[in-house]
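Trainee: here are the coordinates; sequence isn't available:
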């Protein structure tokens, strides 16, 4: 048996305690203010206690609760600075580690899936997990052919726990919403639920990872470990060493931060163009900075892990994204509005002012307007605050826009990646990556025959 708390009543009780805890701490905070303590000090203590309890529960439960916590963690940069500190520490813990399952459970799963003689497949196998995440944990080993490998073992009952947690969290979405200003929590939870069966299927994950490993095999900038073996609940891939992106965020040099940010943006936009797949879980725990880039040992490459959630985009990212971005930069309000209506971002029953839509979009796409842009927490907070303030025209307009299902995951991945870039504080040549990889961003030149025919 796993130590993963699977009984619905146990998990529900832990999750149900979260909003009760919020209410209890609010009462505690009111009492502290009545006796004369500073509202600022009380508010900071309240946020810290809330963060500690919430992410302690999410981390202990693993499953959907931790998956939700990881999804939230990349939006930490949107939090107002006076409350970001306590959340930053608690959220970061979720990005790299979680309580491990017992060794006997790991051995039981390996024996069931690889056979009773599973140990003969390895020259070495470390019982202590190297990393633990929402639905499984990773052990380091040496495969029988001498390759260093990462052995990903799925928690027994992970699927049941994942759905149970997300169903429960959806009931608390309104209470959890204030954690991230300007973000609607309910669609995020719904989208995570839609991806559950896919993420539990290690066969699909192996296919997606191997497709990337083959495409990026000789790439000077990106490293994707190859798949060594896969079966139900177990995935064995090549091991890669490197500095976790969470450490680059906390302790990296300016050069490391900028390089990591540039490569993250490059991977986000080049992946779909090269493989037809979008890596859809861009939290810092899934990336490593490896020495030995194009400029030698003093340069860096980006190692990419965990392909359990991908968006399948056979033609690459949708061309309307590049078209609308280019036309917005060119100030073509009417054309942008027509395209947004055609793609379903504006419902037929809604009538908006094209110029107001353009004014709403321009600040968001500021990073694409210049040759290079420095992503900061302050910039992210200003964007979140603009959309979250009910007095703002941007807030009123955002409420009337629609996010078509086909764009939901792309939207979340883009926002998450921007969140990581802001955590890095990276200076990135984003426009360069858009010109290289985003369909529609650079207008197609008519060929000579077409030009002659028009003439």
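Mentor: Nice, I can see it. Quantities reported herein were computed from a predicted structural model and do not represent experimental measurements.

Trainee: Assign a three-state SS to residue 311, would you?
Mentor: Judged by DSSP: H, G, I helix; E, B strand; the rest coil, the three-state class of residue 311 is strand.

Trainee: again but with residue 381, I slipped
Mentor: Recorded secondary structure, residue 381: helix (three-state DSSP).

Trainee: Can you report how many residues lie near it?
Mentor: 20 (other Cβ atoms under 10 Å). Every C-beta, even on glycine, is put in place using the N, C-alpha and C of the backbone.

Trainee: next one: residue 115
Mentor: 12.

Trainee: With residue 120 instead?
Mentor: Neighbours of residue 120 (other Cβ under 10 Å): 10.

Trainee: my guess is it meets residue 143, correct?
Mentor: No: using Cβ atoms under 8 Å, residue 120 is not in contact with residue 143; the gap is 11.2 Å.

Trainee: residues shared between the contacts of the two?
Mentor: Common neighbours of residue 120 and residue 143 are not found (criterion: Cβ atoms under 8 Å, 6 or more residues apart in numbering).

Trainee: Skipping adjacent residues, who's closest to residue 413 in space?
Mentor: residue 280 (5.2 Å; Cβ to Cβ, 6 or more residues apart in numbering).

Trainee: For the one you found, give me its contacts.
Mentor: Taking Cβ under 8 Å, 6+ apart, one finds 195, 309-311, 409, 412-413 in contact with residue 280.

Trainee: Next, it: phi, psi?
Mentor: Backbone dihedrals for residue 280, given as degrees, to the nearest 10, come out at phi -110, psi 20.

Trainee: mind listing what's buried in stretch 142-158?
Mentor: By neighbour count on 16 or more other Cβ atoms under 10 Å, the buried set for stretch 142-158 is 143, 147, 149-158.

Trainee: How about residues contacting that stretch?
Mentor: So stretch 142-158 is contacted by 1-2, 4, 6, 62-63, 101, 105-106, 109-110, 120-125, 130, 135-141, 161, 200, 202, 225, 228-229, 233-239 (Cβ under 8 Å, 6+ apart).

Trainee: among those residues, which are in strands?
Mentor: The strands, defined by DSSP state E, take in 122-125, 136-141, 228-229, 234-238 from the contacts of stretch 142-158.

Trainee: Low-confidence regions, the chain specifically.
Mentor: Within the chain, the ranges that satisfy pLDDT under 70 run 1-99, 133-134, 161, 165, 167-185, 187-189, 191-192, 297, 445-455.

Trainee: hmm, 80 instead?
Mentor: Within the chain, the segments meeting pLDDT under 80 span 1-101, 132-135, 157-198, 293-298, 388-390, 405, 444-455.

Trainee: mind listing the strands for this structure?
Mentor: Going by DSSP E, the chain shows strands at 122-125, 131-132, 136-143, 148-154, 222-223, 227-231, 234-238, 243-244, 277-279, 287-293, 296-304, 310-312, 373-374, 427-428.

Trainee: how about the contacts of residue 280, which pair is most distant?
Mentor: Greatest spatial distance in those: 310 and 412, 12.8 Å, computed using Cβ to Cβ.

Trainee: Looking only at neighbour counts, state which of these two leads.
Mentor: Shown here are residue 310 and residue 412; by other Cβ under 10 Å, residue 310 has more neighbours (27 against 21).

Trainee: OK, contacts around that one?
Mentor: Listed by Cβ under 8 Å, 6+ apart, the contact set of residue 310 reads 208, 277-280.

Trainee: closest to residue 221 among these?
Mentor: Using Cβ to Cβ, these come closest to residue 221 at residue 279, 14.6 Å.

Trainee: tell me, how many neighbours does the nearest residue to the closest one once chain neighbours are set aside end up with?
Mentor: What sits nearest to residue 279 in space, not counting adjacent residues and going by Cβ to Cβ, 6+ apart, is residue 271, at 5.8 Å. Using other Cβ under 10 Å, residue 271 has 26 neighbouring residues.

Trainee: Please list all residues in contact with residue 271.
Mentor: Going by Cβ under 8 Å, 6+ apart, residue 271 touches 212, 277-279.

Trainee: I'd like the strands of the chain as a markdown table, with distance to residue 334 appended.
Mentor: Converted to a markdown table, those look like this (distance: least, Cβ to Cβ, whole Å):
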| stretch | distance to residue 334 |
| --- | --- |
| strand 122-125 | 63 |
| strand 131-132 | 50 |
| strand 136-143 | 50 |
| strand 148-154 | 50 |
| strand 222-223 | 39 |
| strand 227-231 | 49 |
| strand 234-238 | 49 |
| strand 243-244 | 46 |
| strand 277-279 | 30 |
| strand 287-293 | 40 |
| strand 296-304 | 40 |
| strand 310-312 | 30 |
| strand 373-374 | 27 |
| strand 427-428 | 31 |
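
Trainee: quick one: which of these is nearest residue 259?
Mentor: strand 296-304 (4.7 Å).

Trainee: hmm, who's touching that closest one?
Mentor: With Cβ under 8 Å, 6+ apart as the criterion, strand 296-304 contacts 212, 220-225, 240, 242, 256, 259-260, 263-264, 266-267, 279, 286-293.

Trainee: buried residues in it?
Mentor: Residues of strand 296-304 classed as buried by neighbour count (16+ other Cβ under 10 Å): 300-304.

Trainee: I'd like the residues you listed as JSON lines, with distance to residue 375 appended.
Mentor: Converted to JSON lines, these look like this (distance: Cβ to Cβ, whole Å):
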{"residue": "300", "distance to residue 375": "18"}
{"residue": "301", "distance to residue 375": "20"}
{"residue": "302", "distance to residue 375": "16"}
{"residue": "303", "distance to residue 375": "21"}
{"residue": "304", "distance to residue 375": "19"}
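
Trainee: The stretch 251-400 of the chain: helices as residue ranges?
Mentor: Using DSSP state H, counting those that start in this stretch, the helices of the stretch 251-400 of the chain run over 254-275, 319-329, 333-343, 354-364, 377-388, 393-400.

Trainee: now, of those, which is deepest in the fold?
Mentor: Highest mean neighbour count among the helices of the stretch 251-400 of the chain (mean count of other Cβ atoms under 10 Å): helix 254-275, with a mean of 22.

Trainee: I'd like the helices of the stretch 251-400 of the chain laid out as a markdown table, including distance to residue 425.
Mentor: Listed next are the helices of the stretch 251-400 of the chain as a markdown table, based on distance: least, Cβ to Cβ, whole Å:
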| stretch | distance to residue 425 |
| --- | --- |
| helix 254-275 | 6 |
| helix 319-329 | 24 |
| helix 333-343 | 30 |
| helix 354-364 | 19 |
| helix 377-388 | 8 |
| helix 393-400 | 24 |
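
Trainee: closest to residue 428 out of these?
Mentor: Minimum separation from residue 428 across the helices of the stretch 251-400 of the chain (Cβ to Cβ) falls at helix 254-275, 4.6 Å.

Trainee: if we can go back for a sec, so among the contacts of stretch 142-158, which ones count as buried?
Mentor: Counted by 16+ other Cβ under 10 Å, these give 2, 4, 6, 62-63, 101, 105-106, 109-110, 121-122, 125, 135-141, 161, 200, 202, 225, 228, 233-239 as buried.
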